[in-house]
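*Asks:* need the 3D shape of this:
(2 chains)
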There are 2 protein chains.
Amino acid sequence: MNYKLTLAYDGTRYDGWQKQGNTSKTIQGKLEQLLTRLEEQPIEVHGSGRTDAGVHAKGQVCNCKLKGTWQEEELRDVMNQYLPSDIAVLQVEKVPERFHARLSATGKTYCYRIWTGKVPNVFERNYVYTHEQPVSVERMRQAIPYLLGTHDFKSFCSNKHMKKSTVRTLDSIVIEELTNEIRITYHGNGFLYNMVRILTGTLLEVGEGTRAPESMADILEQKDRQQAGVTVPPQGLILLSVDY
Amino acid sequence: MNYKLTLAYDGTRYDGWQKQGNTSKTIQGKLEQLLTRLEEQPIEVHGSGRTDAGVHAKGQVCNCKLKGTWQEEELRDVMNQYLPSDIAVLQVEKVPERFHARLSATGKTYCYRIWTGKVPNVFERNYVYTHEQPVSVERMRQAIPYLLGTHDFKSFCSNKHMKKSTVRTLDSIVIEELTNEIRITYHGNGFLYNMVRILTGTLLEVGEGTRAPESMADILEQKDRQQAGVTVPPQGLILLSVDY
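*Replies:* Residues are numbered from 1 along each chain as shown, chains lettered A, B, ... in the order given. Got it, this is the predicted structure:
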């Protein structure tokens, strides 16, 4: 039986989603370790995509094939009982055999949180990136139209050896200005390696005034990582949901 | 010059507010260590009261006497630069010499957060107490009137050897029922050792149905710690503010 799991995790303590050898501390590794123990046979977990070290999730999705004797809520509760307190199974659903968390995904929503307060945020410190230079959210918003739509996002990808297509469709970028915080929410059909973090770093440079909003068109056209802005740190990033 | 500092801290990694010898990890210890280094002379910090190991604060107050060459925002920023990321100085104010964080305090507000969701809360895990048994918030609210006002709260104090008065005035207890969370906010002129945690444990037992709301009057009258409910864990507790 094929099971779809929706997960939340605090990525602070982990080397990201994807298992690397036997010793590293990854979300996938923790899940496979537990499911292998529960099922008494090696279980493989397929994520919707990798999240980097330090990146969080409120709606990561994975699937795995299990013997199938588990009720949905029973599996959820047993897993939550044994998982570390920084990983939680939010929902378990039995799904058709052909469902694959990565291959069946049609879209994703990511959020990047930027703390702009003059005083550090003690309670959210692992979930925000602190940016001290003042930025104009109005300017940042002016850059959005250049990025929306279907483009080759090669300039916004850290993987130099990416052989597959770097064309993606960005449906929306919403920039919210909250008290002491700027929150940027991205929705698209897929994201390249570090794409959200480079987009955010570039938008912040536009907000600081060191780049023009209209320069986004140029950056896309150049298809060169060097043209875009910095990769902002992982801890401000959270995978909110995956569409199927 | 006498300085009043308003502090936020995540108490998870600390042995509470009060320094204990030289080696323990306390909030007071961290502050005194830094101020002693900045001032190049031993500095003592006076808190409004102790918080236990694992208890948090969004508005703890302390005062200290410094050479007085610091501007308020300058001291705040320098301290935040050197303090660990789980302690922050929210505000610095120059105050009259007679101001003492503990002796001048006239009231305090504490909040206790209870997580009632079926799935663990990954991101707030260190700031809530997870309570699995169902409780009736309506029943809990019925217990409030018995506790409000001026009473001898000896039954709600963990310190058996308390020689000073155990009489306190509780002005308000507000119980909010949020999605998957019950939040209890207490305001009073002062709180005994573990008083908020024992009050919360007792209210939860009322909510579960194992105690009658009107039994609060009896518990107060007995002046015996054994009559009240359990002391709930520290991580759900946060000191919100101190009145002067």
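*Asks:* how about the residues of chain A by chain B?
*Replies:* A:8-10, A:56, A:58, A:76-77, A:80, A:85-90, A:118-123, A:125, A:127 (C-beta under 8 Å from any C-beta of the partner chain). (Glycine included, C-beta is placed from N, CA and C.)
*Asks:* list only those of those flagged as buried.
*Replies:* Neighbour counting with 16 or more other C-beta atoms under 10 Å in any protein chain shown marks A:8-10, A:56, A:58, A:76, A:80, A:86-90, A:119-123, A:125, A:127 as buried within these.
*Asks:* all helices for chain A, in order.
*Replies:* Secondary structure of chain A by DSSP state H: the helices cover A:27-39, A:72-82, A:137-147, A:195-208, A:215-222.
*Asks:* for those helices, give me JSON lines that also has mean pLDDT.
*Replies:* What follows is these, written out as JSON lines (pLDDT from 0 to 100):
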{"stretch": "helix A:27-39", "mean pLDDT": "96"}
{"stretch": "helix A:72-82", "mean pLDDT": "97"}
{"stretch": "helix A:137-147", "mean pLDDT": "98"}
{"stretch": "helix A:195-208", "mean pLDDT": "98"}
{"stretch": "helix A:215-222", "mean pLDDT": "97"}
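*Asks:* buried deepest among those helices, which one?
*Replies:* With neighbours taken as mean count of other C-beta atoms under 10 Å in any protein chain shown, these reach their highest mean count in helix A:195-208, at a mean of 24.
*Asks:* elements contacting the lengthiest strand in chain A?
*Replies:* In chain A, with assignment by DSSP state E, the single longest strand is strand A:167-178. Secondary-structure packing of strand A:167-178 (3 or more C-beta pairs under 8 Å, 6 or more residues apart in numbering or on different chains; DSSP states H and E): helix A:137-147, strand A:149-152, strand A:181-188, helix A:195-208.
*Asks:* now distance to B:N180 too, for the ones you listed, in TSV please.
*Replies:* Shown next, in TSV, are the helices and strands packed on strand A:167-178 (distance: least, C-beta to C-beta, whole Å):
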stretch	distance to B:N180
helix A:137-147	32
strand A:149-152	38
strand A:181-188	22
helix A:195-208	28
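*Asks:* B:G207: which of those is closest?
*Replies:* Nearest of the helices and strands packed on strand A:167-178 to B:G207, taken as C-beta to C-beta: strand A:181-188 at 34.6 Å.
*Asks:* C-alpha coordinates for the longest strand of chain A, CSV please?
*Replies:* Extracted C-alpha coordinates of strand A:167-178, given in CSV (Å, rounded to 0.1, in the frame of the first residue of the first chain):
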residue,chain,number,x,y,z
VAL,A,167,13.0,26.4,-17.2
ARG,A,168,10.3,26.9,-14.5
THR,A,169,7.1,28.8,-14.1
LEU,A,170,6.7,31.3,-11.2
ASP,A,171,3.0,32.0,-10.7
SER,A,172,3.2,34.5,-7.8
ILE,A,173,5.5,36.3,-5.5
VAL,A,174,3.8,38.1,-2.6
ILE,A,175,5.8,40.4,-0.4
GLU,A,176,4.2,41.3,3.0
GLU,A,177,5.5,44.0,5.2
LEU,A,178,4.7,43.1,8.8
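*Asks:* distance between the ends of stretch A:129-149?
*Replies:* Stretch A:129-149 has an end-to-end distance of 27 Å (C-alpha to C-alpha, to the nearest Å).
*Asks:* run the chain-centre distance for it.
*Replies:* The chain centre lies 19 Å from the centre of stretch A:129-149; the measure is C-alpha atoms, centre = their mean, to the nearest Å.
*Asks:* can you check stretch A:207-221 too?
*Replies:* 23 Å.
*Asks:* stretch A:13-32 now?
*Replies:* Relative to where its chain is centred, stretch A:13-32 has its mean C-alpha point 16 Å off (C-alpha atoms, centre = their mean).
*Asks:* what's the pLDDT at A:N22?
*Replies:* pLDDT recorded at A:N22 is 67.
*Asks:* for the nearest residue to A:I198 once chain neighbours are set aside, grab the count of nearby residues.
*Replies:* Counting by C-beta to C-beta, 6 or more residues apart in numbering or on different chains, A:I198 lies nearest to A:F156, which is 4.5 Å off, once chain neighbours are set aside. Counted with other C-beta atoms under 10 Å in any protein chain shown, residues neighbouring A:F156 total 31.
*Asks:* just the pLDDT for A:K163.
*Replies:* 82.
*Asks:* got phi/psi on it?
*Replies:* For A:K163, the backbone dihedrals are phi -90, psi -30 (criterion: degrees, to the nearest 10).
*Asks:* show me the buried ones among the residues of chain A next to chain B that map onto strands.
*Replies:* Counting by DSSP E, those place A:8-9, A:56, A:58, A:87-90 in strands.
*Asks:* got JSON lines for those residues, with pLDDT too?
*Replies:* Converted to JSON lines, those look like this (pLDDT from 0 to 100):
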{"residue": "A:A8", "pLDDT": "98"}
{"residue": "A:Y9", "pLDDT": "98"}
{"residue": "A:H56", "pLDDT": "98"}
{"residue": "A:K58", "pLDDT": "98"}
{"residue": "A:I87", "pLDDT": "98"}
{"residue": "A:A88", "pLDDT": "98"}
{"residue": "A:V89", "pLDDT": "98"}
{"residue": "A:L90", "pLDDT": "98"}
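*Asks:* from the rest of the structure, what touches stretch A:169-183?
*Replies:* Stretch A:169-183 is contacted by residues A:107, A:111-117, A:121, A:128, A:131, A:135, A:137, A:140-141, A:144, A:147-151, A:153, A:184-190, A:199, A:203 when judged by C-beta atoms under 8 Å, 6 or more residues apart in numbering or on different chains.
*Asks:* mind redoing it with 6 Å?
*Replies:* Residues from elsewhere that reach stretch A:169-183, judged by C-beta atoms under 6 Å, 6 or more residues apart in numbering or on different chains: A:113-117, A:137, A:140-141, A:144, A:147-148, A:150, A:184-189.
*Asks:* got a ChimeraX select line for the buried ones in these?
*Replies:* Selection of buried members from these for ChimeraX, criterion 16+ other C-beta under 10 Å:
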select /A:113,114,115,116,140,141,144,147,184,185,186,187,188
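*Asks:* do you know how far A:V137 is from A:G207?
*Replies:* Distance, A:V137 to A:G207, by C-beta to C-beta, to the nearest Å: 7 Å.
*Asks:* my bad, should have said A:N189
*Replies:* Separation of A:N189 from A:G207 (C-beta to C-beta): 26 Å.
*Asks:* next one: A:Y127
*Replies:* A:Y127 is 20 Å from A:G207, by C-beta to C-beta.
*Asks:* check A:L240 too.
*Replies:* Here A:L240 is placed at a distance of 22 Å from A:G207 (C-beta to C-beta).
*Asks:* kindly report the same for A:Q133.
*Replies:* 9 Å.
*Asks:* next: A:Y112.
*Replies:* 13 Å.
*Asks:* domain ranges for chain A?
*Replies:* Listed by automatic domain parsing, the domain ranges of chain A are A:2-95, A:107-243.
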